[in-house]
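In: compute the structure for the input listed below.
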Amino acid sequence: MRFWHDPCDVPPDVRKCLESWDALRDNDFSFQMFGDASAAAYIEERYGPRELAAFARCRHPAMRSDYLRMCFVLAEGGLYVDADDVLVGDGWNDVFRDGTLKVHPLCYDVNACGMVPDSELRKTDLPTHGRIFYVNNNPIAAPAGHPVLRRALERATNTLLGDEPAPEIQATTGPGNLTAVLAAHARELQISGTMPDFELLLSWEATAEPCWDLTYRSDTRNWRNMDR
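Out: Numbers count the residues shown, from 1 in each chain. Here you go, the predicted structure:
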């Protein structure tokens, strides 16, 4: 699935990123593009007034994309990838080999002020001091009805419909939300002795990579600049 707030006005450089995935049509992939209006209609049809109201409170296109991807993959199953990601390899085959949730782990090194390379995350003796570990909400691959996505959607909805006038994006609908519910879910599985029903994609960079040199990143279409 894909999202751009106005599908009739996708910037040419972003459209080029989207087109890099079109080759997967030859592998029986189908694509669905949403904008603000079609996303709201989908959420109203598949969920209800509560989720529709929460979506309406998402104050930036990135936040609406966050919310929609949870709704869509929870209901339909499948794969969500950001519009500015470029397909570079065939690692997507691994994503669909079983019915587990698959997400990409990330780590931020506070002292170095930068991200830890994916290759480092494979180490069993990885230093943890001064580092923030989390999972990204891009990509998300899962079968329909996965409990982590159900929990993430419910948590985001509760926050959006709560008393806070402008909930923070990352913690409400983004990676912070997904990380919190995945950690709780993993702990419950561990306590009960149940095998994990999720997997961390430690080699996703061989499948897709973000394109950073895009025009929208320098204006308010980028959520990091939304309060300018």
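In: other SSEs contacting the lengthiest helix in the chain?
Out: Secondary structure of the chain read by DSSP state H shows that its longest helix is helix 175-192. Applying 3 or more C-beta pairs under 8 Å, 6 or more residues apart in numbering; DSSP states H and E, one finds that helix 175-192 contacts strand 101-109, strand 131-142, helix 147-160, helix 169-172, strand 198-200. Every C-beta, even on glycine, is put in place using the N, C-alpha and C of the backbone.
In: how about the second one, which residues are buried there?
Out: Of all the residues in strand 131-142, those buried under the rule 16 or more other C-beta atoms under 10 Å are 134-142.
In: next, count neighbours for the nearest residue to residue 3 once chain neighbours are set aside.
Out: Ranked by C-beta to C-beta, 6 or more residues apart in numbering and with sequence neighbours excluded, the top spatial neighbour of residue 3 is residue 65, at 4.4 Å. Residues lying near residue 65 (other C-beta atoms under 10 Å) number 26.
In: in what helix or strand does residue 65 lie?
Out: Assigned by DSSP states H and E, residue 65 belongs to helix 61-76.
In: who are the packing partners of that helix?
Out: Applying 3+ C-beta pairs under 8 Å, 6+ apart, one finds that helix 61-76 contacts strand 2-3, helix 36-46, helix 49-56, strand 78-80, strand 131-142, helix 147-160, helix 169-172.
In: dump those to TSV, plus mean pLDDT and distance to residue 94.
Out: What follows is the helices and strands packed on helix 61-76, written out as TSV (pLDDT from 0 to 100; distance: least, C-beta to C-beta, whole Å):
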stretch	mean pLDDT	distance to residue 94
strand 2-3	93	21
helix 36-46	98	28
helix 49-56	98	31
strand 78-80	94	12
strand 131-142	96	10
helix 147-160	98	19
helix 169-172	96	27
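In: turn those into CSV, columns for distance to residue 88.
Out: Below are those laid out as CSV (distance: least, C-beta to C-beta, whole Å):
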stretch, distance to residue 88
strand 2-3, 18
helix 36-46, 28
helix 49-56, 32
strand 78-80, 16
strand 131-142, 13
helix 147-160, 26
helix 169-172, 26
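In: before we move on, the earlier item: in the helix holding residue 65, what's buried?
Out: Residues 61-75 are the ones in helix 61-76 that count as buried (16+ other C-beta under 10 Å).
In: follow-up on the earlier one: and the helices and strands packed on helix 175-192: which comes nearest residue 181?
Out: Evaluated over the helices and strands packed on helix 175-192, closeness to residue 181 peaks at helix 147-160, with 4.3 Å, by C-beta to C-beta.
In: not counting that closest one itself, show me its contacts.
Out: By C-beta atoms under 8 Å, 6 or more residues apart in numbering, the surrounding residues in contact with helix 147-160 are 50-51, 53-54, 57-58, 66-67, 70-71, 73-74, 101, 140, 142, 167, 171-173, 177-178, 180-182, 184-185, 197-198.
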